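[1] Quick one: sequence plus predicted model below, questions after.
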Amino acid sequence: MKVYGWLVSPWMAKVLVCLEEAGVEYEVVPLSLTNGDHRRPEHLARNPFGQIPVLEDGDLTLYQSHAIARYVLGKHKPELLGLGEGGSVEESAMVDMWLEVETHQYEAAVKPIVWHCLVHQHVGLERDQGVVDESVEKLRAVLEVYEARLSSSSAGRYSYLAGGGSGDRVSLADLSHVPLMHYFTATEYGGVLGEYPRVKAWWEALLARPSVKKVIAGMPTDFGFGSGNLP
């Protein structure tokens, strides 16, 4: 498998975490955002929208991070999709539901915070504190839902979002949160997690996973601007 993109991208990182969890061999083909590699004809042939990541597996080419992640895990580690041994249609549906929540609720709230607090200072854009403040309040509302989810179940509580029987099975629904949370906790608002004990414990459990440690090691919170290693 080959994965095209730049390592600091949260969407690239989603795919890499899944590849690490699946334990499959892969090659990262680095592209340069600064040099516009994603807009070159050879990359547009892989993804006509000029985005990353792109995965190639033999004759198959895929783009969109969730589609790639589902493919990798479906092929090599279906239990992370709520399928395979010990899984069920119901658990798989819960994984899909929380993936939708991650995209439409969590990412929508946390991405403006990361962009305004970390990225804008490096690319000559002004920080809009009004946008940041509004997004922090939106994120708090989202995390309240997560706290409730992780705090109660028929077994006492869930350790992970999709549950999975005893509630102790990690899934793609959890792992997909890692990249943006990594950057969010580097902002001055990272302490918000401390307001939600179950969410904080969930995040710490994800951080302890070898796959997550390996991938975020290549994700400096200055996005490479401090070292000059720009994407």
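    On my side now, so go ahead. Here the structure is a predicted model, which means the values were calculated and not measured.

[2] Just the strands from the protein, written as ranges.
    2-5, 27-30, 54-57, 60-63 (DSSP state E).

[3] Those: which one's closest to residue 47?
    Among the strands of the chain, strand 60-63 comes nearest to residue 47, with 4.2 Å by Cβ to Cβ. All C-beta atoms are positioned from the backbone trio N, CA, C, and that covers glycine.

[4] CA atoms of that closest one as PDB?
    The C-alpha trace of strand 60-63 is given here as PDB (Å, rounded to 0.1, in the frame of the first residue of the first chain):
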ATOM      1  CA  LEU A  60      -7.200   0.200  -6.400                       C
ATOM      2  CA  THR A  61      -7.000   4.000  -5.700                       C
ATOM      3  CA  LEU A  62      -9.000   5.600  -2.900                       C
ATOM      4  CA  TYR A  63      -9.400   9.100  -1.600                       C
END
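
[5] Tell me the buried residues in it?
    The neighbour-count check on strand 60-63 (16 or more other Cβ atoms under 10 Å) flags 62, 63 as buried.

[6] Parallel or antiparallel, list what pairs with that strand.
    Take DSSP bridges as the rule and strand 60-63 pairs in its sheet with strand 54-57 (antiparallel).

[7] most tightly surrounded among the strands of the chain?
    Mean neighbour counts were compared across the strands of the chain using mean count of other Cβ atoms under 10 Å; the top stretch is strand 2-5, at a mean of 22.

[8] which residues touch that one?
    Strand 2-5 has contacts (Cβ atoms under 8 Å, 6 or more residues apart in numbering) with 11-12, 15-16, 19, 26-31, 43, 46, 52-57, 68.

[9] closest to residue 120 out of the strands of the chain?
    Among those, the nearest to residue 120 by Cβ to Cβ is strand 2-5 (21.6 Å).

[10] For residue 204, grab the count of nearby residues.
    Neighbour count of residue 204, defined by other Cβ atoms under 10 Å: 10.

[11] should've said residue 26
    Residue 26: 17 surrounding residues under other Cβ under 10 Å.

[12] How about it: what's its closest non-neighbour residue?
    Computed as Cβ to Cβ, 6 or more residues apart in numbering, the closest residue to residue 26 that is not its neighbour in sequence is residue 1, at 4.2 Å.
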